[in-house]
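Peer 1: Following is a predicted model, sequence given first.
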Amino acid sequence: MSPHTLWGMEQQYEDGNDGVAGAAQEPANPLHGRKVLSFVRRSARLDARLQRALDNHADDYVLGDIAAREGSLDPAEDFRFTRAYMRAHWDGDAPITVEVGSGQGENIVAAAVAHPERNFLALEVYDPGVAHTVLLAAKQGVRNLRIAQINAPELFAVAEPGAVDEVWTFFPDPWPKMRHHKRRIVQPGLAADVHAALRDGGVWRIATDIEDYALHVHEVMDGRDDFANDGDLVVSLPTEHVGKGNAADAAALPHADFRESERFDGRVLTNFERKGLDAGRVIHDFTYRKV
């Protein structure tokens with residue numbers, strides 16, 4: 001799930017073994033020998049409450065016609081995420097917001113309730129997150145929300161140009177070890193596909209409470225000429241990366257000023273974000289607008 005689910009799993013990794021025993025094998029990538037994922041495939045047993053939510057309401061909320069096959073997180077070869085597809089699965093033709101890594105669904109369900117004039121799509125790869133989002137959505141009776149259990153980069157790669165109004169990526173898995181930074185979801189390839197999917201003037205909102213991830217976002221996004229950084233808050237960050245083992249060294253590294261955004265008021269304060277604040281972590285918000 002989106003908010004740091006892999007922090008506790010990092011101890012399971014060793015050099016040369018980034019997976020988990022029993023994890024599903026992903027298709028080969030000619031550049032890396034296998035696809036580099038921002039998450040780890042693993043099974044999870046649903047409790048009775050979550051299973052009932054899926055049994056009773058999955059047909060109302062979960063998009064089951066995207067995946068290449070049952071259990072796959074890749075879209076079918078002929079699938080395209082188009083405006084026509086949206087009209088067929090949402091009521092009306094309202095602007096759509098896509099949240100990458102919706103976690104337990106607290107944020108996107110609250111947004112759907114607050115903005116019935118908009119449509120929302122939650123992208124989440126983990127069964128409990130999907131089920132919990134369904135549970136919350138059914139309790140609130142929202143009609144403008146759908147959920148897709150699909151890998152976000154693959155979905156954006158087949159999105160119709162200009163079809164999406166906003167993209168949200170809040171508190172993505174930090175992959176704190178240096179050798180795992182390549183797994184961070186914010187990457188140049190995804191940025192290019194998000195840019196293509198966004199309407200003119202559409203925005204990609206990102207948030208993290210990990211200082212090194214904030215530097216990573218700036219490195220990926222600030223040099224692009226197809227996005228404008230709309231932030232007007234000046235933040236000082238180290239100019240060198242640190243990993244899990246040497247994060248304490250960051251304060252002594254050279255620093256530079258970067259522009260970030262004030263906290264996005266459309267994001268609810270979840271228990272996860274509150275815990276980060278209580279632990280003294282700084283929340284970094286970014287707003288990148290398509291130009």
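Peer 2: Okay, I see it. As the structure is a prediction and not an experimental result, all values here were calculated from the model.

Peer 1: Next, the buried residues of the lowest-mean-pLDDT helix or strand in the chain.
Peer 2: Of all helical and strand segments in the chain, the minimum by mean pLDDT, DSSP states H and E falls on helix 271-278, at a mean of 90. Of the residues in helix 271-278, those with enough neighbours to count as buried (16 or more other CB atoms under 10 Å) are F272, E273, G276. For every residue, glycine as well, the C-beta is placed using N, CA and C.

Peer 1: same check, this time on stretch 244-258
Peer 2: Taking 16+ other CB under 10 Å as the neighbour-count basis, stretch 244-258 is seen to contain the buried residues A250, F258.

Peer 1: List the contacts of it.
Peer 2: By CB atoms under 8 Å, 6 or more residues apart in numbering, the residues outside stretch 244-258 that reach it are 10, 176-178, 211-212, 214, 218, 222, 234-240, 242.

Peer 1: ok, F272 touching G101?
Peer 2: No - taking CB atoms under 8 Å as the contact criterion, F272 and G101 are not neighbours in contact, 11.8 Å apart.

Peer 1: what do the two both touch?
Peer 2: Counting by CB under 8 Å, 6+ apart, the contacts common to F272 and G101 are F171.

Peer 1: Dead centre of this protein: give me the residue that sits there.
Peer 2: With distances taken as CA atoms, centre = their mean, V100 lies nearest the centre of the chain, 2.8 Å away.

Peer 1: I'd like to know how far that residue sits from D230.
Peer 2: When distances are taken as CB to CB, to the nearest Å, V100 and D230 turn out to be 19 Å apart.

Peer 1: Please list all residues in contact with E99.
Peer 2: The contact partners of E99, by CB under 8 Å, 6+ apart, come to N107, I108, F120, L121, A122, L123, V167, W168, T169, F170.

Peer 1: wait, isn't H218 in contact with P238?
Peer 2: No - under the criterion of CB under 8 Å, H218 makes no contact with P238, lying 11.0 Å away.
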